[in-house]
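S.K.: attaching a predicted model along with its sequence, questions to come.
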Amino acid sequence: MLLPAWIRLLVGWVRGAAGAVLAALVLTLGAGGAAQAEPVTLDSFELARTDDGLVLSFAARFELSKPIEEALQKGVPLFFVAQAEVFRDRWYWTDKRLANATRTWRLAFQPLTRKYRVTYGGLSQHYDNLSDALVAVSRSVNWKLVDASQLDDGKVYVEFSYQLDTAQMPRPMQIGIGGQSDWSLKAERVRRLN
């Protein structure tokens, strides 16, 4: 079947545009193979029992690798996730999970205003430079994990992780970053409550 010339032209243009986008994406993702991401370090990590319950305060420190920073500058939003699971020790069975708490920050670059936007929940704030925006997404103070009524005299511990969540990035970006170490930013910690 012979297609009209304008349809063949349109199909060729779409194939060319998609190929150009795909090639740019592959070059962006593949170019950073040599640059390694610095590990995430937890500068502070404190658990405290208050009248309201168990609260967590933490501060992480890290540098973005070159491919991550380039993707951010090109308009790809980054998602940072902190997850804390609270368990109670049980000698007769597996440990009981008391709570599973998650916080997600979205970091995006706004090219028109040349500012970085950090969104948490329904709130967002703008920052003039990347370092200030990274401070905003890498810490939390008095994050309530469990109500006081759920805590008893049993031994309680927290499994904590903080990471760059690549699963929330746009689908085309997820294709090439699966096994690359320069896209992995993660810190984990287990702490017992005294």
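M.R.: That came in fine, so what should we check first?
S.K.: now stretch 161-176: mean pLDDT?
M.R.: Averaging pLDDT along stretch 161-176 gives 82.
S.K.: that should have said stretch 98-111, apologies.
M.R.: 94.
S.K.: now do that stretch: distance to the chain's middle.
M.R.: Relative to its chain's centre, stretch 98-111 lies at 6 Å (Cα atoms, centre = their mean, to the nearest Å).
S.K.: need the strands for the chain, in chain order.
M.R.: 41-49, 53-61, 78-88, 96-110, 115-120, 123-127, 139-147, 156-164, 186-193 (DSSP state E).
S.K.: closest one to Arg171 among these?
M.R.: Nearest to Arg171, of all those, is strand 78-88, at 13.8 Å by Cβ to Cβ. The C-beta positions use only the backbone N, C-alpha and C, and glycine is treated the same way.
S.K.: run the angle between that closest one and strand 139-147 for me.
M.R.: Put simply, strand 78-88 runs at 40 degrees to strand 139-147, going by axes from the mean of the first three to the mean of the last three Cα atoms, to 10 degrees.
S.K.: sheet-wise, list the partners of strand 78-88 with their directions.
M.R.: strand 96-110 (antiparallel), strand 156-164 (antiparallel) (DSSP bridges).
S.K.: now do the contacts for Glu46.
M.R.: Leu56, Ser57, Phe58 (Cβ atoms under 8 Å, 6 or more residues apart in numbering).
S.K.: how does it look with 6 Å?
M.R.: Ser57 (Cβ atoms under 6 Å, 6 or more residues apart in numbering).
S.K.: quick one: low-confidence parts of the protein?
M.R.: For the chain, residues meeting the criterion pLDDT under 70 lie at 1-38, 154, 176-181.
S.K.: tell me the centre residue of it?
M.R.: Nearest to the centroid of the C-alpha atoms of the chain, with distances taken as Cα atoms, centre = their mean, sits Phe80, at 2.1 Å.
S.K.: which non-adjacent residue is nearest Thr50?
M.R.: Closest residue to Thr50 apart from its sequence neighbours, by Cβ to Cβ, 6 or more residues apart in numbering: Ala148 at 7.6 Å.
S.K.: is the residue lying closest to Lys186 once chain neighbours are set aside bridged to anything, and to what?
M.R.: Leaving aside its chain neighbours, Lys186 sits nearest to Gln163 (4.0 Å; criterion: Cβ to Cβ, 6+ apart). Here Gln163 sits in beta bridges with Val81, Lys186, going by DSSP bridges.
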